[in-house]
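K.L.:
test case, fold it:
(chains A, B, C and D)
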2 protein chains.
Amino acid sequence: MNDYIGKHIHTLDEKGRVSVPAQFRRQLPREGLFIRKGMEGSLILYPPEKWENVRDGLASLPRNIRKNRDIIREFSQYIRPVNIDGQGRITIPSDLIEISGMTHEIVFIGLLDSIELWAAQRYAGREKEQVSSLEEAIEGIEIDIY
Amino acid sequence: MNDYIGKHIHTLDEKGRVSVPAQFRRQLPREGLFIRKGMEGSLILYPPEKWENVRDGLASLPRNIRKNRDIIREFSQYIRPVNIDGQGRITIPSDLIEISGMTHEIVFIGLLDSIELWAAQRYAGREKEQVSSLEEAIEGIEIDIY
DNA sequence: TTGACAGTGGGAAATTGTGGGATAGAATTG
DNA sequence: CAATTCTATCCCACAATTTCCCACTGTCAA
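P.N.:
Below is the predicted model:
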C-alpha cells in the first residue's frame, strides 16, 4: 500500500497547472487519477486504487432511492479524471480551482492513501482553528501511534 | 467498467443538438445509445451495455400483472435511440426536450454507468432542495467514500 | 564543475464546442 | 401523380480552449 505523507507547496500557473510533488509522483501512475472537491474547502487527489474503492462504494447505492440519487449527483458534480503531463504536472479543472479558492500557492498534504490540496491562504486560516497541538488531539484516540 | 463522472454544461442549438462532453464521448460508441425520460424531470442517456441491462430487467417483469404492464408502457413511451454525429453531438427528440424543459443550457451529470441530462434552470432549482452539502449527506451512509 | 532532477513558463499543435449551409428523404398539397 | 415544403442528417468552418512539447532556472550530489 502506498504512503502519501508530508506537506509540499507548489505554485499554480495561469493555465491551471501545478507540479505534483516529486515524492508523490514517484508513487503515482501518469493516468487514471481523479480529483474532487473535498472537506472544508480542500480538494482530494485519488490514485486509481483508491478511486476504485470510492466508486464501488457509490455504485453499490440502490438508484431507486431518491436520496441515493442525490448523493451520487452531488458527488459526481465535482469530480474529474486527471493525468500527469510530461513535466509532472496536473491541470486542475477551473471549477475546482474556484471552489477551493486557489490562486497562486497550493499546499499538498499526504493523507496516506490519497492527497489533499489546499489554497495556501485557506490552509493557513484553517490551521489556526484546528486542534492547536497534535499531542492534545491524540490523547483521545486509542490506536497506537507512538 | 466505464465511469461517467463529473458535471458538464453545454448548449442546445435550434436544431435540438448538444455536444456530448468530450470526456464522456471518449467512452461511448457512436451508435446504439438510448435516451429516455428520467427521474425528477431529467433525461437519462444510456450506453449500449447499460441499456441492455435495463431492457432485460424490464423484459423480465411478468406481463400478467397490470402494474408491470403500466411500467413497461410508461417506460417505452419515452425512450429513443440516439447516435453521436460527426461533430460529437446528439440530437435530442423534441418531445423529450419539451418534457425536460430544456431551452438553452444543458447540464450533463455522470452517474457512473449512465448520464443524466438536465435543463440548467431545473437543475439549479433542484439543487437547492437537495441535500445542501455532500458532507452532510454522506454522514448517514455506511460506505467509505473518503 | 558537471550532470541529473525538480519546478516553472510559454509557444505550437490538436481537440473541443458551436453555428450554419447543403443534401436527401419524407410528408404535404394541388 | 407531380410539385413543393418540411425535416433530419451530413458536412464544412471557425473560435476558443486544452494538451503537448521545448526551454530555462535552481538545487543537490558526485
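K.L.:
residue A:89 touches residue A:16, doesn't it?
P.N.:
No. Taking Cβ atoms under 8 Å as the definition, residue A:89 is not a contact partner of residue A:16, at 9.7 Å. Using the backbone N, CA and C atoms, a C-beta is placed for each residue, glycine as well.
K.L.:
so between those two, which is more surrounded?
P.N.:
Legend: neighbour count by other Cβ atoms under 10 Å in any protein chain shown for residue A:89 and residue A:16, higher for residue A:89 (20 against 15).
K.L.:
which residues does the more buried one contact?
P.N.:
Listed by Cβ atoms under 8 Å, 6 or more residues apart in numbering or on different chains, the contact partners of residue A:89 are A:17, A:18, A:19, A:20.
K.L.:
ok, the nearest residue to it once chain neighbours are set aside - how many residues close by?
P.N.:
Here the nearest residue to residue A:89 in space, its sequence neighbours aside, is residue A:17; by Cβ to Cβ, 6 or more residues apart in numbering or on different chains that works out to 4.5 Å. Neighbourhood size, residue A:17 [other Cβ under 10 Å]: 15.
K.L.:
what about residue A:17, distance to residue A:34?
P.N.:
17 Å (Cβ to Cβ, to the nearest Å).
K.L.:
before we move on, back to that, quick check, nearest of the contacts of residue A:89 to chain B?
P.N.:
residue A:17 (18.0 Å; Cβ to the nearest Cβ).
K.L.:
roughly how far apart are the closest one and residue B:107?
P.N.:
26 Å.
K.L.:
rounded mean pLDDT for stretch A:91-103, please.
P.N.:
Stretch A:91-103 shows a mean pLDDT of 94.
K.L.:
any residue of it touching DNA strand D?
P.N.:
Yes. Stretch A:91-103 lies within reach of DNA strand D by Cβ under 7 Å from any atom of the strand, at A:91, A:94.
K.L.:
buried ones in that stretch?
P.N.:
Applying a neighbour-count criterion of 16 or more other Cβ atoms under 10 Å in any protein chain shown, one finds A:91, A:92, A:93, A:96, A:97, A:100, A:102 buried in stretch A:91-103.
K.L.:
in strands, which of those appear?
P.N.:
Per DSSP state E, strands hold the following members of the buried residues of stretch A:91-103: residue A:91.
K.L.:
which two of the buried residues of stretch A:91-103 have the greatest separation?
P.N.:
Spatial extent of the buried residues of stretch A:91-103 (Cβ to Cβ) is set by the pair A:91 and A:100 at 14.1 Å.
K.L.:
anything in stretch A:8-24 near DNA strand C?
P.N.:
Yes. Applying Cβ under 7 Å from any atom of the strand, one finds stretch A:8-24 touching DNA strand C at A:8, A:10, A:11, A:13, A:14, A:15, A:18, A:19, A:20, A:21, A:22.
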